[in-house]
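Peer 1: Let me see the structure of the following:
(2 chains)
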Amino acid sequence: MRLLKEPLLLFLAVGAALFYVFNLLNPEQDDGTIIINDETLLTFIQYRSKVFDEAMAKTRWQSMSAAEQQQMLNDFLEEELLYREALALELEQDDYIIKRRLIQKMDFILQSGAESLPAPSDTELQSFMEKYAADYLVQPHITFAHVYFKNDDGSRAEATLPKLQGLGFSEAGEFGERFLYHRNYVERTYDYVAAHFGEAFAERIFALELAQASGQWLGPIGSEHGQHLVFISARVASYQPQLDEVRGRVLADYQRERLLDAKQTAVQALKQQHAIDGKAEFLQMLQLNPQPKEAP
Amino acid sequence: MSVSKRLTPSVLAVAIGLGVGLNAGLVEAAEKQLYWGDTHLHSSYSFDAFLFGNRSADPDTAYRYAKGYPVIHPGHRGRVQIDTPLDFLVVSDHAELMGVVRGLARGNKLLAEYPIGRKFMGWMQQGQAGKVFSTLVANANSDQRAPELLQLLDPKVRKSMWAEIVDATERNYEPGKFTTLVGWEWSAMNNGANLHRIVLTATGADKAKQFIPYSSNESWKAEDLWQWMGETSQRLGIDMISIPHNANISKGEMFNNVDSDGRPLTADYARTRMRWEPVVEMTQIKGDSETHPLLSPNDEFAEFETYRFLIDTRPDTEKIAPVNDGSYIRSALKRGLSVEQQTGANPYKFGLIGATDSHTGLASAEETNFHGKMAGDGSPGGKDGKRIGAEGPTGWDMSASGLAAVWAEENTREAIMAAFKRREVYATSGPRIGVQMFGGWQFKNKDASAKRFAKLGNKKGVPMGSDLSAAPKGKAPGFIVRAVKDPTSANLDRIQIVKGWLDADGVPQEKVYNIAASDKRKVEPKMAALQSTVDLAKGSYRNSVGDAELAAYWQDPAFDPAQRAFYYARVLEIKTPRHTVLDRIALGQEPKLTIVQERAYTSPIWYTP
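Peer 2: Numbers count the residues shown, from 1 in each chain, chains lettered A, B, ... in the order given. Coordinates of the predicted model:
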């Protein structure tokens, strides 16, 4: 029954059924007569006001003066006459504006079909998230404190290092010099660290072996600004978050994909229903096989 | 006996640890962090944003962009992403017709019940969104509101739209990581004079849903807004502030010398205003409001992103804003001193922030990654579009500005709100230039290079936004200022102090002092400009001039303890290409208005005798 879940196919099926029923109820053929009665007039008024409420249209009609009613009827007839004549002359053919308008209508139908589907379950979201795991991957980040030495060849830093042993993350504030930015970096990404210290420094502290890196003062490590002694208290490798951590994003992405999918599936189905022919090279690029046109 | 004296050291340590939230134990207690954000951003729920092409960037999209995730641009539909994520964001849609135009376009059933709703739905379906906008703005500028427009203001409609926005604010709040604040824009106009204000609260969804955001349809007078804020705050036990913006197009009314009814300002007015308006927007996309060359002829950097296009679509009205004291912030700070001398209270003693006022849902203020004022300006070709008549502005006139910098203990609603209220905040035109400023009577020259700058600053003096008084005999106030470049932007050119004061005759005066200069230049009143490194053909610059950090101590050389004064720091970057240079290159056109010097403005420190 997957086919019936496709909004377009469902729409076409319902449309066909309605058409069939309509023909059963109205056996006479449409002979092109312009019918002016309450029903067609009210439909016209609703289109004109772009509000689809028959009772309101009726009230509107009744509140018009005789002259306004006359004008409304004239407009209706004139519009209908010109429209029929245009159709008879086949003016709708090869009109790109009309074509785009029809395509737009199809888009709306497909979209509203996808939007009205029930909200996805956690299982569906979970498997969607897993499918696009890379999009939700949490960037690696690092937490560290540093002691900074400006214009240092490394010797001042090295001389300070023994004094820092035994001191914790936030206990070395009195050593070193004033740095441009922060003394502590908490849960910062590679890009952030690279913007403050330069690429080489960021690369080093993200690549240090963690066993030796954690919980002690290390260095000196050079940056764009000088030398640094570093205390890395945590480094988190990139990881896949749990659904609850990123639920909002996953849901939005899921719905967007469902919308695009619905349209793609519909377009695929239509490829099967329509004869498509032409230059072999183009058909090949579209991965289509030449199909003979059905006899009319 | 005070409470703290009874606390044991270990209890104190716990209390301090709790105070710094997620960073407990990692950051020294009481050391404030610098957080960056935008307090003024419109989504597709704003009527004008939607009518000018933002149909897709709703509040969720806005938060997503600010947090650093890629989103679809509402205009050109390309993928866009912020370079460095923000720390906080206020989605502040217009209270007037909040969500209504979006609702009209989406066939909202409630709106279709009103004749005016059906009329506008019709226009929009015929592609005449601009006509809807003109009608709405013309009405906002008019003394007499069209009664039919009132149909769109049914409390039922307003409540449901507001609830959607509040829910998004709540959904996106991650205390300690990313702060969202509930806010909106009160968009009052008085005969074409822009009196707009952003209103913010630190409260959560439960209380925010117990009021309907106050709009200019209730009143265009700020006094009425403040009264409503007072009543609502009291009723719900919450706090609010309002933040004026675009004084530059207020025809002198934003910082007037009379109230909304034309009466002279009183101490009462001043106190009420300062209760609710601790900060103002100094700079944003619709231009910089610091000052104007006509008002500050001796300030060589006064010509910066000036913007004078009034928001007035009525026929036969003035379209260009006059330049006067009530329209610019430096002159308003001066006027505040005068009013204080006359009445005993200063109505214009405010801190300074920047904000974007972008209508694209994208809080973008970088010259190289700027996504436009309205959705249509997001691409080079779209910048020619005019929205407010033939004399109106285009995308080329817009400035890729600004951001609010906040010194706060932690990244939460309460801490950020508290920083706004004590004015420990500052403005930049986009780059994240770090600035610290302290004023006091005991600073010495070497304090500017102190390692624990903030600790020393707080010990010997007061931070930006504060007051000095009671000058010790024979002493002049001294200031230590430290500025650090944005790690991803240009180097710094200089630090200046802007001083405003009342002279012996009570006449307001101003003077700009250079206090620190890059490239080992001697600090003098008139310094040679640095060589420009801008390559207009490539739209690039080099950091081969300027410094990464500047710091200085400065003491007022012309201090008179009997005269009221204020001091704020202005930090200039080296010259860089304006965002429009990149668009001109893309279009293969000659650039106009090519070079900018981005800047930071601290909140002032005031001296009162």
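
Peer 1: distance between the ends of stretch B:477-491?
Peer 2: 29 Å (Cα to Cα, to the nearest Å).

Peer 1: Going by neighbour count, which residues in it are buried?
Peer 2: Residues of stretch B:477-491 classed as buried by neighbour count (16 or more other Cβ atoms under 10 Å in any protein chain shown): B:477-491. No exception for glycine: its C-beta is placed from N, CA and C like everyone else's.

Peer 1: ok, it near chain A or not?
Peer 2: Yes. Using Cβ under 8 Å from any Cβ of the partner chain, stretch B:477-491 reaches chain A at B:484-485, B:487-488.

Peer 1: Show me the buried residues of stretch B:477-491 that map onto strands.
Peer 2: Judged by DSSP state E, strands contain the following of the buried residues of stretch B:477-491: B:478-484.

Peer 1: which one among the residues you listed gets closest to A:Leu117?
Peer 2: Set against A:Leu117, the nearest of these by Cβ to Cβ is B:Val484 (51.6 Å).

Peer 1: what about the nearest residue to that closest one once chain neighbours are set aside, distance to B:Leu136?
Peer 2: Nearest-residue entry for B:Val484: B:Gly434, 4.1 Å, with adjacent residues in sequence omitted and distances by Cβ to Cβ, 6 or more residues apart in numbering or on different chains. Noted for B:Gly434: a distance of 41 Å to B:Leu136, by Cβ to Cβ, to the nearest Å.

Peer 1: Next: A:Leu41.
Peer 2: Look at A:Leu41 and B:Leu136: by Cβ to Cβ, they are 33 Å apart.

Peer 1: ok, those two, which is more surrounded?
Peer 2: The neighbour comparison of A:Leu41 against B:Leu136 (other Cβ atoms under 10 Å in any protein chain shown) goes to B:Leu136, with 23 against 18.

Peer 1: so who does B:Glu218 touch?
Peer 2: Listed by Cβ atoms under 8 Å, 6 or more residues apart in numbering or on different chains, the contact set of B:Glu218 reads B:224, B:228.

Peer 1: I misspoke; the intended subject was B:Thr61.
Peer 2: By Cβ under 8 Å, 6+ apart, the neighbours of B:Thr61 are B:43, B:71-72, B:74, B:361.

Peer 1: what do you get if the cut-off is 6 Å, keeping everything else the same?
Peer 2: Going by Cβ atoms under 6 Å, 6 or more residues apart in numbering or on different chains, B:Thr61 touches B:71, B:361.

Peer 1: Which element, helix or strand, includes it?
Peer 2: helix B:59-66 (DSSP states H and E).

Peer 1: tell me what the following helix or strand past that helix is packed against?
Peer 2: Following helix B:59-66 in sequence order, the next helix or strand is strand B:71-72 (DSSP H and E). Applying 3 or more Cβ pairs under 6 Å, 6 or more residues apart in numbering or on different chains; DSSP states H and E, we find strand B:71-72 packed against helix B:59-66.

Peer 1: One more pass at 10 Å, please.
Peer 2: helix B:59-66, strand B:79-80 (3 or more Cβ pairs under 10 Å, 6 or more residues apart in numbering or on different chains; DSSP states H and E).

Peer 1: Wait, A:Gly278 touches A:Asn289, no?
Peer 2: No. Assessed by Cβ atoms under 10 Å, A:Gly278 is found out of contact with A:Asn289, at 11.8 Å.

Peer 1: Domain boundaries for the chain, per the record?
Peer 2: With no chain named, the answer covers chain A. A:32-93, A:139-236 (automatic domain parsing).

Peer 1: Actually, chain B is the one I wanted.
Peer 2: Domain ranges of chain B: B:33-96+B:159-426, B:435-608, per automatic domain parsing.

Peer 1: want to try TSV for these, with mean pLDDT as columns?
Peer 2: Formatted as TSV, these follow (pLDDT from 0 to 100):
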stretch	mean pLDDT
domain B:33-96+B:159-426	95
domain B:435-608	95
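
Peer 1: List the contacts of the residue in the stretch 351-500 of chain B positioned nearest to chain A.
Peer 2: Closest approach between the stretch 351-500 of chain B and chain A, counting by Cβ to the nearest Cβ: B:Pro487, at 4.1 Å. When contacts are counted by Cβ atoms under 10 Å, 6 or more residues apart in numbering or on different chains, B:Pro487 touches A:180-181, A:192, A:194-198, B:84, B:431-432, B:434, B:548.

Peer 1: what's the closest of those residues to B:Glu409?
Peer 2: Closest to B:Glu409, out of all of those and judged by Cβ to Cβ, is B:Gly434, at 16.8 Å.

Peer 1: doesn't B:Glu549 make contact with that closest one?
Peer 2: Yes. Assessed by Cβ under 10 Å, B:Gly434 is found in contact with B:Glu549 at 9.0 Å.
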